[in-house]
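S.K.: got a sequence here, can you model it:
(chains A, B, C and D)
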4 protein chains.
Amino acid sequence: MATGRLADKRVLVTSADAFMGPPIVELFRAEGADVTADDSLLLGADEPQQLVDRLGDLDVIIANLDLAAYGAKVADIEDAKWLEGFDAMVHPLMRLVRAATPRMVERGGGSIVVTGSSSPLRRMRPQAPSYVAARAAQNSFVRSAGHELARHNIRLNAIAQNYVANPTYYPPELMENERFLERLSAEVPAQRLGRSEETAELALFLAGDSSTFIFGQLIQLDGGWS
Amino acid sequence: MATGRLADKRVLVTSADAFMGPPIVELFRAEGADVTADDSLLLGADEPQQLVDRLGDLDVIIANLDLAAYGAKVADIEDAKWLEGFDAMVHPLMRLVRAATPRMVERGGGSIVVTGSSSPLRRMRPQAPSYVAARAAQNSFVRSAGHELARHNIRLNAIAQNYVANPTYYPPELMENERFLERLSAEVPAQRLGRSEETAELALFLAGDSSTFIFGQLIQLDGGWS
Amino acid sequence: MATGRLADKRVLVTSADAFMGPPIVELFRAEGADVTADDSLLLGADEPQQLVDRLGDLDVIIANLDLAAYGAKVADIEDAKWLEGFDAMVHPLMRLVRAATPRMVERGGGSIVVTGSSSPLRRMRPQAPSYVAARAAQNSFVRSAGHELARHNIRLNAIAQNYVANPTYYPPELMENERFLERLSAEVPAQRLGRSEETAELALFLAGDSSTFIFGQLIQLDGGWS
Amino acid sequence: MATGRLADKRVLVTSADAFMGPPIVELFRAEGADVTADDSLLLGADEPQQLVDRLGDLDVIIANLDLAAYGAKVADIEDAKWLEGFDAMVHPLMRLVRAATPRMVERGGGSIVVTGSSSPLRRMRPQAPSYVAARAAQNSFVRSAGHELARHNIRLNAIAQNYVANPTYYPPELMENERFLERLSAEVPAQRLGRSEETAELALFLAGDSSTFIFGQLIQLDGGWS
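M.R.: Numbers count the residues shown, from 1 in each chain, chains lettered A, B, ... in the order given. Have a look, this model is predicted:
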């Protein structure tokens, strides 16, 4: 039920063709937002600043950054793979928030929503310490920077999700894997995988005018897993 | 902007004339809900069951239970005041959820939203160990029972709020108290008290059909305080 | 290896014949402490005060309070059983700390160690929302009161344990139960039940002079479970 | 009171001349350990492996890695400074644990103690989002890798400290700064800075044979701050 809840909002969605980008772009447009769907990975140190400069005033940024979980055991972690998690998810997040802040301060506020992970909040199976450490750095940045930005009425919050359908972590073929289905049933109290639309709805809540006193929080969306 | 987001939903709000009851009743009615606003405190052991039996099928329950924070230092805690916190906030919550569960299981789901507190999540000033222990028991029950109920598609979640305007904890005269305003500025990153409507908006999100993969969570609404 | 680490310390251990009492009494005596091993359950509202008054000056109190976990599902919780958890574990803890505080303040400090539970920190299987809510209230009281008492150099901390051998929660016969052993292997990273002496060692660390900057903390001792 | 609690233990302390190195080296030697005090910063990707290979069998590693907190506001973070936090504290930690694991697995266990920070666990003042994000990645790695290593009887735990005297974060001259002393009194329940020996005592507890059921934990040592 689209109700114009983002009418006239200027929104940037990063990695818009990946992870939680597509359902968010779709719902936000249906709700009236003017969405820039950017597909770059923002790996270059200057890319976030250039992107933000190009777009000018923004009401909302969906910092959608992902990388397939790297599941090596501690003794087998490869340096390049370990660093890649920070390069793809942590550093671009800082750079994007840093780039967006001055203009949002000037405009009197804004909302930045990170499509993150609840994996650091509980022991995962199988374990993926590389992935989890990078997601934890994201979460911690959201909390710490989120507190600082609150006084400027900039809401920096994260969707801490797990077990939500998306092509990066839960490709469709996984749903035919017996072992995965058993794990889903054992690990997820809701007994099902989340739908990507459920993430989009939470993103909408955090982006719009219904969450104006929520700052620096991780909202867990994972069927009760964490 | 009312958009019928709770059209046809049968809702019970407890202690409806206190704490976060009034703004929730108002917003939910504006969104099309059929709201029963019950004013009793549910202190009697059988009252929650009787209330739920009287109402029959419910889609949503707002478990709104409060008691003014009892700020005694540890050495000065009075037994009666200590017990009162559990009697007013903890035991009625369990009894209300217990009473509501069988019928919600039968109907295939439902949403129970607790108007709770983020005070157990951080050190408070001034301290109120009695109050905080009771709110922590509430929070823990939400998480633990919330995980159990997830498999029945019953969403039990809490609004973990602090520094939101309401007559129980932040009566209007407090806003003229210099020391309180200093504390607000030092403690709350957002530099202001929340509006009661901001709690009602979060309650709406958790009650309605936009949060269907969130189970057993505490959503913090406190201007970045915790 | 006993090394007199508690020489000349006056120690009270409550419920000394139950839960973690016996191994703590044994180790503490071996380390030179003057231990009062009290066997009462402290259920009466005045008992903690009377006990503390009778003993006079104390350096250390081991607040050892337990009750078998009550594993009813939410819909089946019996009021009497629910209340019993708070009566046996939560209210006596507050009363004991309250009673001990004035004299410890006068003497310039002291250490109170709660033999508590990490069960509120993670989803348990099977679930026991009654038990978990009472343990959460204990944990929260430790944190909140622990912060207040820190300025008086009174260290109030808790051992948040799980999967440690003790007659209340893990009677010896359980170790012959196939399903329990499977759960142990699946749930506890250390792949074994803790030994009761391991709790006693942590209690010794928290009681003695090696932890003098730790206040209001829950130290998790559970083989990596939480 | 030295009591040979680390007799015959082979211990490596990294950055031994900095942060918490000196008091740990001193106490551990007094307790009978054979300590290798390595002063390098382990910034090179291969250095941790080379160091561990050179030393051979180790019972205990103190992963002591630090960097002065970089206190820039979000909008002012410099890329080089941001990355430096991860380069100095996060990546060397992973590499050190990775290097140490195979031999410890072979020997049936070991203990790795990280001298870390509780700063990610609470809102800091003044804020330092760069520093906090790196420390959070450390903490998360300890938890995640700590769970994996538990089954090999390798205890990976962290001292999550704050407000403990050390030349990196609390140089002696700070104690003469009025504003710092006011902050100390307002922020730290214990009303004082911790002594570096108090960290060394906790490191001893975690390194030795008294904490054999503690895995993947962050033990908070901060005068009740967090």
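
S.K.: name the SS class of the closest residue to A:Leu65 other than its chain neighbours, please.
M.R.: Leaving aside its sequence neighbours, A:Leu65 sits nearest to A:Met89 (C-beta to C-beta, 6 or more residues apart in numbering or on different chains; 4.8 Å). All C-beta spots, glycine's among them, are computed from the backbone N, C-alpha and C. Three-state call for A:Met89 (DSSP: H, G, I helix; E, B strand; the rest coil): helix.

S.K.: please apply the same query to A:Val35.
M.R.: Going by three-state DSSP: A:Val35 is strand.

S.K.: quick one, what contacts it?
M.R.: Shown in contact with A:Val35 (C-beta atoms under 8 Å, 6 or more residues apart in numbering or on different chains): A:11-13, A:25, A:28-29.

S.K.: my read is A:Ala18 is in a helix, agree?
M.R.: No: A:Ala18 is assigned coil when assessed by three-state DSSP, not a helix.

S.K.: thinking again about what came up before, neighbours of the residue nearest to A:Leu65, just the number please.
M.R.: By other C-beta atoms under 10 Å in any protein chain shown, 21 other residues sit near A:Met89.

S.K.: quick check: what element follows the helix or strand of chain A with the lowest mean pLDDT along the chain?
M.R.: For chain A, using mean pLDDT, DSSP states H and E, the weakest element among its helices and strands is helix A:178-187, scoring a mean of 90. Going down the chain from helix A:178-187, the next helix or strand is helix A:196-207, by DSSP states H and E.

S.K.: elements contacting that next one?
M.R.: On a contact count with 3 or more C-beta pairs under 8 Å, 6 or more residues apart in numbering or on different chains; DSSP states H and E, helix A:196-207 meets helix A:21-30, strand A:60-63, strand A:110-117, strand A:154-161, strand A:218-221.

S.K.: how about chain A: which residue is closest to chain C?
M.R.: A:Arg122 (6.9 Å; C-beta to the nearest C-beta).

S.K.: quick check: closest non-adjacent residue to that residue.
M.R.: A:Ser226 is the one closest to A:Arg122 (C-beta to C-beta, 6+ apart), at 4.5 Å.

S.K.: test my guess that that neighbour contacts A:Asn139.
M.R.: No: using C-beta atoms under 8 Å, A:Ser226 is not in contact with A:Asn139; the gap is 11.4 Å.

S.K.: which residues are in contact with both of these two?
M.R.: Counting by C-beta under 8 Å, 6+ apart, the residues touching both A:Ser226 and A:Asn139 are A:Ala160.

S.K.: low-scoring stretches of chain A, by residue?
M.R.: A:1-2, A:124-126 (pLDDT under 70).

S.K.: farthest from the middle of it: give me that residue.
M.R.: Most distant from the centre of chain A: A:Ala75, at 28.9 Å, with distances by C-alpha atoms, centre = their mean.

S.K.: wait, that residue touches D:Arg95, no?
M.R.: No: in this structure, A:Ala75 is not within contact of D:Arg95 by C-beta under 8 Å, at 11.4 Å.

S.K.: picking up where we left off before, tally up the residues packed near the residue of chain A closest to chain C, please.
M.R.: A:Arg122 has 19 nearby residues by other C-beta under 10 Å.

S.K.: and it, what does it touch?
M.R.: With C-beta under 8 Å, 6+ apart, A:Arg122 has these contacts: A:225-226, C:122.

S.K.: so which of those sit within strands?
M.R.: Assigned to strands by DSSP state E, none of the contacts of A:Arg122 qualify.

S.K.: ok, back up a step: and the gap between the residue nearest to A:Leu65 and A:Ile154?
M.R.: If you measure A:Met89 against A:Ile154 using C-beta to C-beta, to the nearest Å, the figure is 21 Å.

S.K.: could you do A:Ala203 as well?
M.R.: 16 Å.

S.K.: between these two, which one's more packed in?
M.R.: A:Ala203 (28 against 24).

S.K.: I figured that one hits A:Thr115, correct?
M.R.: Yes: between A:Ala203 and A:Thr115 there is a contact under C-beta under 8 Å: 7.2 Å.

S.K.: which neighbours do the two share?
M.R.: Any residue near both A:Ala203 and A:Thr115 by C-beta under 8 Å, 6+ apart counts here, and that gives A:20, A:24, A:62, A:159.

S.K.: tally of neighbours for the residue nearest to the first one when sequence neighbours are not counted?
M.R.: This means A:Met20. The shortest distance from A:Met20 to any non-neighbouring residue, by C-beta to C-beta, 6+ apart, is to A:Thr115 (4.4 Å). Residues contacting A:Thr115 under the criterion other C-beta under 10 Å number 28.

S.K.: over to A:Arg183?
M.R.: Neighbours of A:Arg183 using other C-beta under 10 Å come to 14.

S.K.: cool, A:Arg123 as well?
M.R.: 20.

S.K.: and it, how far is that from D:Ile219?
M.R.: 18 Å.

S.K.: what residues does chain A put near chain C?
M.R.: Selection of chain A residues close to chain C by C-beta under 8 Å from any C-beta of the partner chain yields A:122-123, A:189, A:224.
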